[in-house]
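**Student:** I need the structure of the sequence given here:
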Amino acid sequence: MLGMLLQVQPVSVSDSFKDTFNFLQGNGVYEDGIMHFLQAMKASIWGQYDTFIADAQALAAIFMIIFFSLKAYEMMSGDKQLEVMPLLRPFGLVMVILWWGTFTKVVAFPTDIIESKTNALFNGSETQLNDLRVQRAQLMVTVADSLMSMQAQTEVASNEATTWYGKAWESVTSAVKDGFAQIWNPIVELRNRLQVGLQLLVTSLLETCAIWILRICVYIIFFIQIIFSTILIILGPFSVAVSIMPAFRDSFATWVARFISVNLYSGIAYLVLYIATQFQQFAMEAEITRFQQLLDTSAGNSMEKLGWFASNGILSFGMVIVTFLIGGLTMLTVPSISTWIVSTSGITSAASTMGRGASSLGATVTRMIAKI
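**Tutor:** Here you go, the predicted structure:
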């Protein structure tokens, strides 16, 4: 496990902070509510498989009459001998149409097993990732508060050394100075809070955009699967009926290959998400470790590290943002990976078209973020 490479001390997070953070950025990196909605939507739409069953049965009956007529003519003319097995094929195809719901479940059963196992891997990794995400957010807020206090203290110290404050109060007791500092420090800290708050806002904006690019890429893949599989299930009986004719004999085998390829999307997507969460978990643990080092007052150069960190412009090390973007781009390769297992033609071109559109959208959003 990548998480064992770093010694990360657990951070205590209050329930109120966790609820507020999940309310603002979603419950989990991939928004659990939408993922459950996509699964329920797939099951609901697949229940409409019998929309064109009756039409496909009528078309299959017509094609069977034409098929048997052609075979009878060929045998009557002496061009071919009597063969029983080719005559049984149309009956088998009609039985597939009659039991279409059961047939689709049987074909999708192996892919469902793959999906359930990869989903279990992803769920276990996502739980750890979400915990680290909340801990990291808590540390970011703590570091921001430390920066505010540090800037207020340094500014007061500077004013004491260079302004009238240090000259006018040289002979005054330290108790009066402390009382004045207690009044002045909150005022300076309030002004610095606005400066640090702006950095925190920019950081939150960048991370929100990155995580939504990741989520959009994930949702696109699952939406593609739902759309393609729905079309294949509802209109699939026509492919079976048409395959009765010798000229379209391969249409049924092509449909099966495409249906399996599309159903593999979810299993492959969860596997890609599992790998992506490993990188994201490592990045979050690395940033949590660095945040803890910034807050470690026992270190002699903690103030210097905070100063350099504040000069970056954002309150982030950038590793988590990069892993979010990489994970989103990797998700767009799921249709291509599926064709490695079951080779298809039409699915690849259709998915590539949607993938190019999603990539263009991602590039546009990235350019907008760069201009901010």
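**Student:** and the pLDDT at S360?
**Tutor:** Per-residue confidence for S360 comes out at a pLDDT of 60.
**Student:** and if you look at E304?
**Tutor:** E304 is given a pLDDT of 59.
**Student:** can you check the one 10 residues further on too?
**Tutor:** For I314, the pLDDT comes out at 64.
**Student:** over to the one 4 residues further on?
**Tutor:** Looking at G318, its pLDDT reads 78.
**Student:** look up how far R136 lies from it.
**Tutor:** G318 is 13 Å from R136, where distance means C-beta to C-beta, to the nearest Å. For the C-beta atoms, the positions are set from N, CA and C on the backbone; glycine is no exception.
**Student:** so for the two, which sits in the more crowded spot?
**Tutor:** R136 (20 against 15; other C-beta atoms under 10 Å).
**Student:** so the more buried one sits against F291, correct?
**Tutor:** Yes - using C-beta atoms under 8 Å, R136 is in contact with F291, at 7.1 Å.
**Student:** tally of neighbours for S343?
**Tutor:** 11.
**Student:** is it part of a helix or strand, or is it coil?
**Tutor:** coil (DSSP: H, G, I helix; E, B strand; the rest coil).
**Student:** how about the contacts made by it?
**Tutor:** S343 makes contact with A257, according to C-beta atoms under 8 Å, 6 or more residues apart in numbering.
**Student:** tell me where the model's unsure across this protein.
**Tutor:** 1-14, 24, 78-80, 82-83, 144-201, 297-316, 345-372 (pLDDT under 70).
**Student:** output stretch 214-233 as CSV, restricted to C-alpha atoms.
**Tutor:** Taking C-alpha atoms only, stretch 214-233 is exported to CSV below (Å, rounded to 0.1, in the frame of the first residue of the first chain):
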residue,chain,number,x,y,z
LEU,A,214,-12.7,14.5,-12.0
ARG,A,215,-16.3,14.0,-11.2
ILE,A,216,-17.6,15.1,-14.6
CYS,A,217,-15.2,12.6,-16.3
VAL,A,218,-16.4,9.8,-14.0
TYR,A,219,-20.1,10.7,-14.6
ILE,A,220,-19.5,10.9,-18.4
ILE,A,221,-18.3,7.3,-18.5
PHE,A,222,-21.2,6.0,-16.5
PHE,A,223,-23.7,8.0,-18.5
ILE,A,224,-22.2,6.7,-21.7
GLN,A,225,-22.6,3.2,-20.4
ILE,A,226,-26.2,3.8,-19.5
ILE,A,227,-27.1,5.4,-22.8
PHE,A,228,-25.3,2.8,-25.0
SER,A,229,-26.5,-0.2,-23.0
THR,A,230,-30.1,1.1,-23.0
ILE,A,231,-30.0,1.5,-26.8
LEU,A,232,-28.5,-2.0,-27.2
ILE,A,233,-31.1,-3.6,-24.9
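**Student:** next secondary structure after the helix or strand containing M75?
**Tutor:** Following DSSP states H and E, one finds M75 within helix 53-76. As assigned by DSSP H and E, the chain's next helix or strand after helix 53-76 is helix 85-98.
**Student:** who touches that following helix?
**Tutor:** By C-beta under 8 Å, 6+ apart, helix 85-98 touches 53, 56-57, 60-61, 63-64, 67-68, 71, 103, 237, 240-241, 243-244, 252.
**Student:** give me the buried entries from those residues.
**Tutor:** The neighbour-count test (16 or more other C-beta atoms under 10 Å) marks 56, 60, 63-64, 67, 71, 103, 237, 240-241, 243-244, 252 as buried among the contacts of helix 85-98.
**Student:** pick out the most distant pair among these.
**Tutor:** K71 and F103 (25.3 Å; C-beta to C-beta).
**Student:** can you pull out the strands in the stretch 151-300 of the chain?
**Tutor:** Along the stretch 151-300 of the chain, no segments are classed as strands by DSSP state E, counting those that start in this stretch.
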